[in-house]
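Asker: structure, please.
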Amino acid sequence: MRSEKKELEHMSQVRVRFVETDPLGIVWHGNYIQYFEDGRESFGRKHGISYLDQKDHGYATPIVKSSTDHKLPLRYGDIATIRTIYVDSPAAKMVFRYEVYNQDNKLVCTGETVQVFVDNVGNGELALTIPEFFMEWKKKVNLI
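Answerer: Got it, this is the predicted structure:
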């Protein structure tokens, strides 16, 4: 029997700024990674697992992998809705998927990031097991 991955999601919005567009008047492709971060930060504040929460427990979570798939452009002034989905994993990492929609609710970009836990107090050593505070968070939000 196949087990289903547990997920937790959050919706947030950003308005496209002029500085995020290229000479063609569309959002430069590299800025979608920033929108993913906006979504992650909003998710973290909503669900109690922000970067500051992680830092308070002595950890940082650098991104080790990211991907984007562009469907439609965003333009200056557009309001983008970011659906940020945490995908539970048995490993000591955080996996997020993203869906970015324009104000017409059309999908403009999808993506994924993978973050690992490193010791933020010492020498930045990679955590090979899930940190205790993160396991407690997963219990609190009913992921385990």
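Asker: okay, the most centrally placed residue in the chain: pLDDT?
Answerer: Geometric centre of the chain, nearest residue: R40, 3.6 Å, by CA atoms, centre = their mean. pLDDT recorded at R40 is 97.
Asker: correct me, but it touches I85?
Answerer: No. Using CB atoms under 8 Å as the test, R40 is too far from I85 to be in contact (10.6 Å). Bear in mind the C-beta positions are built from the backbone N, C-alpha and C, glycine included.
Asker: what's the overlap in contacts for the two?
Answerer: F96 (CB atoms under 8 Å, 6 or more residues apart in numbering).
Asker: quick one, what contacts K65?
Answerer: Contacts of K65 by CB under 8 Å, 6+ apart are 112-114.
Asker: buried subset of these, written for ChimeraX?
Answerer: In ChimeraX syntax, the buried subset of the contacts of K65 is picked out as below (16 or more other CB atoms under 10 Å):
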select :112,113,114
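Asker: where does pLDDT dip in the protein?
Answerer: 1-5 (pLDDT under 70).
Asker: contacting residues around the lengthiest helix in it?
Answerer: Secondary structure of the chain read by DSSP state H shows that its longest helix is helix 31-47. The contact list for helix 31-47, computed with CB under 8 Å, 6+ apart, reads 8-10, 12, 14, 20, 49-51, 53, 66, 68, 70, 80, 82-84, 86, 96, 98, 100, 109, 111, 113, 137, 141.
Asker: buried ones among those residues?
Answerer: By 16+ other CB under 10 Å, the contacts of helix 31-47 give 8-10, 12, 14, 20, 49-50, 53, 66, 68, 80, 82-84, 86, 96, 98, 100, 109, 111, 113, 137 as buried.
Asker: just those residues: which are in strands?
Answerer: Mapping the buried ones among the contacts of helix 31-47 onto strands (DSSP state E) picks out 8-10, 12, 14, 66, 68, 80, 82-84, 86, 96, 98, 100, 109, 111, 113.
Asker: now for K55: which residues touch it?
Answerer: N120.
Asker: state the phi and psi torsions of P23.
Answerer: phi -60, psi -20 (degrees, to the nearest 10).
Asker: and for H70?
Answerer: According to degrees, to the nearest 10, H70 has phi -90, psi 130.
Asker: test my guess that it contacts H29.
Answerer: Yes. Look at H70 against H29 with CB under 8 Å: they come within range, at 6.2 Å.
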